[in-house]
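S.K.: A predicted structure for the sequence below; I have some questions about it.
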Amino acid sequence: MKNVTAALGRSREALKKLLPAEDILTFDFRSENGISFSCIFADPITDKQLLGEEVIRPLSRYKGEAKAEEVASKVTSPEIKREKSLEKLAAEVLAGNPVLLFEGMDEAVVAGTKKVFTRAIAEPSTDVAVKGPREGFIEDLKTNTSLIRRRFKTGELQIDTVEIGRRSKTCVSVCYLEGTSVQKTVEEVKKKLSEIDIDAVPDSSYLTHFLSSRPYSLVKQVGTTEKPDIFCAKIAEGRVGILVDGSPIALTVPYLLVEDFQSSEDYFVPPYRATFTRLLRLFAVVVAIYLPAFYVAAQLFKLQLFPVKLLLTIAGSIRDIPFSPSLEMLLVLLVLEVLNEASIRMPKYVGMALSVVGALVLGETAVSAGFVSTPAIIIIAFSGIGLYAVPNLIEQTSVLRLAMLLVAGSVGPYGIILATAFLLYYLVSTENFSAPLLAPFAPLTGRDLRDSVLKYNLGSLETRPRTLKSPNRRRLS
Amino acid sequence: MRKFLKTLPMKLYLLLLAAVLFSFFSNDFGLVDIQKTAIILAAGVDKTENGFLLTAQIAVPKGSDRTTGGTSSVEIEAEGKTVSDCVTSIYSKTGWVPKLVFCDLIVLGEETAKSDVISHLNYFLRNEYMPDSCLVAVCEGSAKELLSSTSALADASSLAIEQLFSDAAQKSGKVMPNTLKEFAIGYYGVSKSSYLPFLRMADQEGAENAASGSSSGGEGTEPQKIYTAEETAIFSEGRMVGLLSPEETLLFSMLEGKVFAGTLSAEREGEPVTLTVLKNDGSVSLKGEDAPKAVLSVSLVVRLCCRGVTAPIADVSDDSVPKEVLESAASALKEHAAALFEHAKSAGCDLFNLKRTLYRTSPKRYAKWKDLLPGAAEVALDVSVSSKK
Amino acid sequence: MNKISTRQLYFLLACIMPAGKLLLLPTRLAEAAGNDLLFPAAACYLLEAGAVFCVLLLAERNTSLYDLLRERVGKVAAGILLALLSLFLLFAALLPLMEQRLFVQSIFYDTLPSLAAFAPFFLFAAYLCAKPLFSLGRMWDLLAPVAIAGLLGILVLSVGSAKFGALLPVGAGGGRGFLKGSAAAACWFFDAPLLLPMLGHIDAKKGTAWRGALFYLAGGGAILFYLAVFYAIYAETAVNQLFAFANTSKYFAGITVLGRIDYLFIFALALVMAFYAALPLQASVGCWTQTFRAKPLPVLLSVLFSALFFALLSLLDLRFGDVMDCISGTLFWIFPAMSAGLPLLLLLLLWRPRRA
């Protein structure tokens, strides 16, 4: 049996067969004129108070005929729908919406009384802004879409929702501005999402694999943000946004590498300050990746990279170190990574102890004991700080730092240059949703440079980025 | 096959990673890292009966903290038929690979400088790892003695000597430093002449080798040394052919227009007066239609620094120079200039690159006079000393 | 669309190609022409700019070289001509690769490293050759500012030590010096043939040809200025200065205080040079891929050519002088013949004015 029948008992049995779990409950009741109803709901995710007030109470006083439209009109819940397919009804129950079956009708009524578990809207810890909005996305899709809708009071904002996950049936919303986003990109996103055949989607990061043109690539190809203001700004530029129920991290495509060097605050401070901080972020990342590598390469292959006085200081400090310069640096780097990993996962009350162990025991004592040298620790500390200047790229930059260190320790300075050439060439040939990753630098798009690592004042940003090929180019008259 | 091709890039990446890891941990492309290196700060070359004696001053780092910071040095000597042999010998003696990339000073012994020094410097000049911007100097006696001496002022003798050639010292006009590159340009140019500063060392009275940085030298009673380079050795065809006095060196500096903060001595009523040079222009040009005539021009703006006579307190801030002092200074300069020119000419050194100037500006006259210069050149002096307005 | 824009082409001509002339060309010119080194270099640049102009006139037809030739001389002859061009490009690649290897050995290492230290370059070259041309075009967008900053930085730090009087007297070497210098420099000038396999991939418009030639000359101007600074710094000792571009800036007064900050510029130029040195291999692969359009061909040829050159460099590791004498002394005439003669010939053979 695939559809609801007029025989209440048979329909209820069929639905229960589809939903054998113990937390799927059935509540039977009668209306004043004697019509039998069966309410089937998922206990943990249904708001039973709402169910009682908006569905069961009005229906228990129902005196009309057993017709689906009439029954539906008596239910006071704002989300009501009628459905015949048992499979779809089962899905609704699992989504938290109770299903009402009643005697003599081959159609059921679904009421939207899902229990919503939400935390308060708070500032995301990974994207803190001194100036500007402090709202962050939360795990609830509806709250998240409301945060976006509040910022776009226009009918052009489209939020198309699909379900992904054979078992999780996770709601995924595709958000874009009609007439501003490229239709081809919207369709490509929807197509890629519809082709996903996966068991469950616990978080939006699961989708990035399917949205990337090079899924195994080290580099990111989908933008992420936890802030609705950034998400909206990207949509307003012509990008397509993706929200996933249960995830506070929203995705945006097409993604350009330069996005991660921008912060929402850049738009709330004077342009010269924003340009300076963006350049600083770029410098910090470059230093973070290359500093340990060049330090090792210089010691092993090209002493001249140091000024003579610095060289003699370094030579003095490494004199009794038992490891080669490359191995020493690798060890210090690994220790830093372990400390970093542990400090993130460790309960907060142990955090202080870890700092003491990290700073004093491992740092000070290791130097005193002659295991590692002071310059190596300084270099790694500086590199570690630089990495966090662009938190969205940490996964990539920390791997690159390690790779550069390995290359520097094995091939030397020229190895670093070749690895950079490899990396750049790889990056320029990467594109996703028809947008080159390194735009607006490669290919060079002069006008888009105004909001890249440079930041012109708002009056100069009269058009949307050319790279995104928006059909509606002008954003400021 | 398709599956193989699909996974091929990943396999290649893994292979590459394995290769990088292997070379990282095996760490051997014939590399000589910082821990196996002897960082040579200075090299001294002395000619011996059997060839050369090379004295390499090698930096020995003390440590990185504040209390033990600084650089001490050790001098290693090696003999060989060529300079290159000597360097190899240092390697075999110490087990450290000698690296010249930080060598900022080459000192030639007095006797060594009397033979064609380019044949000794050739090794350094051709060595691609040796900076040709390094300073070269000649010293009294042997280079070994000089470099092995204990400086009263710095951790290593070479550091104290390099200090003598600092920019500030050059502006005083008291020294005329030269680099390996410039010396070679002079040697290989049409003039075939150049110059090098001449180093002397003297005992620092009252100071003994107690806690100085150098670990070389004797057993603690050797006196500490101070160094001077106020004289200049002049070279023709690579051989040292003369030594300019401190006054001639100062005038040479002035002709090059390098003096900006030097002092000049003059006389007033038989008493010495010191003038400070505020501005210096100098040039040497070649004139004459039938015979070469060198014009040496020096123009100075000076102010009074130290009076020769007692002056009332109201005159202390007055730094204008009386006319007679200016005339006395100009006359002294003329005398030194004439002596300098004659000295160089008689030694056969084209110190002012007259041949080169002629070659570049007038090839016809060069063809006519190239064999006459510098010996047949007359000199005209144009010296002006004026007071600060 | 596997296309490169005219902007990217101009960047290649004005910024990337000059980087390949910085390694041993100044020394060779100083050796052959002495203080008159600017004149043979200028002559080579003028000749090559003319050849670039011819190639870019053909580019305005927006058809690949193979298709142009096929229309005119048939499939077989077109294939043979492209194979010859490919062989020439491989021949021309030898000297830049060898000087690149020596440059790396001399500038990036304090002690002589083994060839293994240079081996990763061939991995990079294989990767570069296997990628479509549009990636290379984008790379030129990135490399152009890097090249400009590198060369400008070195020039700014070097020019203070230059005594331009060293360039006098003009014409001291006479006609013989000029001819000797031109012959010695010829093997560094094969930029026009590098563009031939790109025909059909250049988004050429009317005026691209003369603009391209002007951009090429602008890059040449920068190199001539560098040559002047180089000779003005080293004068008579210039003949002994290998890879001088990595050394001319070290005489800058600030270097003694800050250390070798000029290495930043040297590293920037070395990055550009890595791409330039692989360009002849890429062009050579391009010749074959437009003749036989099989999909795995670029990858296979890239690996093959890179492996071939690695083997060749291993064999000739200590014979650079002989190779240099052979190429720039005995076989130098091949370069003007192929880099200037061939484009002119092709233009005469293939050019048709655009229809209105």
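M.R.: Yep, it's here.
S.K.: poorly predicted segments of chain C, please.
M.R.: Applying pLDDT under 70 to chain C flags residues C:353-356.
S.K.: interface residues of it facing chain B?
M.R.: C:106, C:109-114, C:116-117, C:123, C:165-166, C:168-169, C:172, C:234-237, C:240, C:242, C:247, C:250-251, C:253 (Cβ under 8 Å from any Cβ of the partner chain). For the C-beta atoms, the positions are set from N, CA and C on the backbone; glycine is no exception.
S.K.: any idea how far residue C:344 is from residue B:326?
M.R.: 71 Å (Cβ to Cβ, to the nearest Å).
S.K.: the more surrounded of those two?
M.R.: residue B:326 (18 against 15; other Cβ atoms under 10 Å in any protein chain shown).
S.K.: buried ones in the strand or helix carrying that one?
M.R.: Following DSSP states H and E, one finds residue B:326 within helix B:323-347. Within helix B:323-347, the residues that count as buried by 16 or more other Cβ atoms under 10 Å in any protein chain shown are B:325-326, B:328-330, B:332-334, B:336-337, B:340-341, B:343-345, B:347.
S.K.: who does that helix touch, helix- and strand-wise?
M.R.: Using 3 or more Cβ pairs under 8 Å, 6 or more residues apart in numbering or on different chains; DSSP states H and E as the contact test, the elements touching helix B:323-347 are strand B:223-236, strand B:239-244, helix B:246-255, strand B:263-268, strand B:271-287, strand B:293-306, strand B:378-387.
S.K.: so for residue A:61, which of these sits nearest?
M.R.: Nearest to residue A:61, of all the helices and strands packed on helix B:323-347, is strand B:271-287, at 109.6 Å by Cβ to Cβ.
S.K.: got the angle for that closest one vs helix B:246-255?
M.R.: 50 degrees (axes from the mean of the first three to the mean of the last three Cα atoms, to 10 degrees).
S.K.: partner strands of strand B:271-287, with direction?
M.R.: strand B:263-268 (antiparallel), strand B:293-306 (antiparallel) (DSSP bridges).
S.K.: now mean neighbour count and mean pLDDT too, for these, in a markdown table please.
M.R.: Listed next are the strands paired with strand B:271-287 as a markdown table, based on neighbours: other Cβ atoms under 10 Å in any protein chain shown; pLDDT from 0 to 100:
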| stretch | mean neighbour count | mean pLDDT |
| --- | --- | --- |
| strand B:263-268 | 18 | 81 |
| strand B:293-306 | 19 | 85 |
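S.K.: for the chain, which spans come out with low pLDDT?
M.R.: If you meant another chain, say so; for now it's chain A. For chain A, the ranges with pLDDT under 70 are A:1, A:359-360.
S.K.: I was after chain B.
M.R.: Looking at chain B by pLDDT under 70, you get B:1, B:27-33, B:62-71, B:206-221, B:307-319, B:389.
S.K.: domain parsing for it?
M.R.: B:32-244, B:246-389 (automatic domain parsing).
S.K.: mind putting these into TSV with distance to residue A:321?
M.R.: Formatted as TSV, the domains of chain B follow (distance: least, Cβ to Cβ, whole Å):
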stretch	distance to residue A:321
domain B:32-244	8
domain B:246-389	46
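S.K.: out of those domains, which one sits most buried?
M.R.: Of all the domains of chain B, domain B:32-244 has the most neighbours on average by mean count of other Cβ atoms under 10 Å in any protein chain shown, namely a mean of 19.
S.K.: how far does it sit from the chain's center?
M.R.: Distance of domain B:32-244 from its chain centroid, counting by Cα atoms, centre = their mean, to the nearest Å, is 10 Å.
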